[in-house]
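>>> Give me the fold of what follows.
(chains A, B, C and D)
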2 protein chains.
Amino acid sequence: MTTRLTLAAPCCALGAPPVSSAEAESIAPMFKALGDPVRLRLVSLIAAQPEACVCDLVAAFPLSGPTISHHLKVLRAAGLVDCERRGTWVYYWVRPEALAQLSALLGRPTSAAESR
Amino acid sequence: MTTRLTLAAPCCALGAPPVSSAEAESIAPMFKALGDPVRLRLVSLIAAQPEACVCDLVAAFPLSGPTISHHLKVLRAAGLVDCERRGTWVYYWVRPEALAQLSALLGRPTSAAESR
DNA sequence: TCCTTGATTAGACAACTGTCTAAACACGAT
DNA sequence: ATCGTGTTTAGACAGTTGTCTAATCAAGGA
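All right, here's what the predicted structure looks like:
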């Protein structure tokens, strides 16, 4: 996928060079998916275990099943999670590469950090 | 601010314990702010230097000044950047603590990473 | 085969978002 | 005091989002 992020060895992932327009278009949707409180907690809950059953996720929120299903679909479309049906239940797990990619983007000291 | 994130020493920031509802409400807006391609590039451009002049930021996009100004306001409201007027020009810089907080949330191996 | 239960899809609707133009505000210079 | 330039605010508008209920699909058991 995106190379710049994984080999940003020395420093400044969000520093030089800046994210290109194309990169921004592909990465922003992942941040956007995390930008809803329900979805952020969903990812958190899913990541807390090897995998999570939808039935448990629905039970963790005061929201309808279809609403949770919708949020899971958004997370899946963003590439942050994946799922599989096994018999009656559907299980979700996080895609660690995706989270790592985001973390790498903003995880290192920036030039601003150096000066302030 | 949020303590859990900064002292998440051993591992699993997105792992156990999951993000609380209150935490999600306060953190999600930051991810949401990064969830637009224009804003993601703005943060990237600002972070690439100690600080950036709005005039340069506006010049970097095929968008109107007010639109860039609006996006900068969103980033500021989310706590990701701050700014200061000096004479005619306004300068923006990133708030490294904010980026670090987000990075810490998704930067460590999750239980999913262990199993897959 | 027909229920029952788990999960997703479809459609509706209010609320929010990204963009624009026009207007206003803030400085510095004439 | 007035003008010109940089920046933000106000208001408008099309498009998107989060939520719901109702309907549909999927799998297992009587």
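>>> How about the residues of chain A by DNA strand C?
Proximity of chain A to DNA strand C, by CB under 7 Å from any atom of the strand, involves residues A:53-55, A:58, A:65-66, A:68-70, A:72-73, A:83, A:88-90. C-beta here means a position set from N, CA and C on the backbone, and glycine is covered the same way.
>>> Read off the pLDDT value for residue A:17.
The score at residue A:17 is 74. That number is its pLDDT.
>>> Nearest spatial neighbour of it, chain-adjacent residues omitted?
Excluding its sequence neighbours, the residue lying closest to residue A:17 (CB to CB, 6 or more residues apart in numbering or on different chains) is residue B:48, at 7.1 Å.
>>> out of the residues of chain A next to DNA strand C, which are buried?
Taking 16 or more other CB atoms under 10 Å in any protein chain shown as the criterion, what is buried in these is A:53, A:54, A:58, A:68, A:72, A:83, A:90.
>>> could I get these as a markdown table with secondary structure, pLDDT and distance to residue A:35?
Output for those, formatted as a markdown table (DSSP: H, G, I helix; E, B strand; the rest coil; pLDDT from 0 to 100; distance: CB to CB, whole Å):
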| residue | secondary structure | pLDDT | distance to residue A:35 |
| --- | --- | --- | --- |
| A:53 | strand | 98 | 25 |
| A:54 | helix | 98 | 22 |
| A:58 | helix | 98 | 21 |
| A:68 | helix | 98 | 17 |
| A:72 | helix | 98 | 15 |
| A:83 | strand | 98 | 21 |
| A:90 | strand | 98 | 24 |
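>>> Pick out the most distant pair among those residues.
With distances taken as CB to CB, the most widely separated pair in those is A:58 and A:83, at 13.7 Å.
>>> Spatially nearest residue to residue A:74 (excluding sequence neighbours)?
Among residues not flanking residue A:74 along the chain, residue A:33 sits closest, at 5.4 Å (CB to CB, 6+ apart).
>>> for the residue most central in space within chain A, what are its contacts?
With distances taken as CA atoms, centre = their mean, the residue of chain A nearest its centroid is residue A:80 (4.2 Å). By CB atoms under 8 Å, 6 or more residues apart in numbering or on different chains, the residues touching residue A:80 are A:30, A:33, A:34, A:43, A:94, A:95, A:98, A:99.
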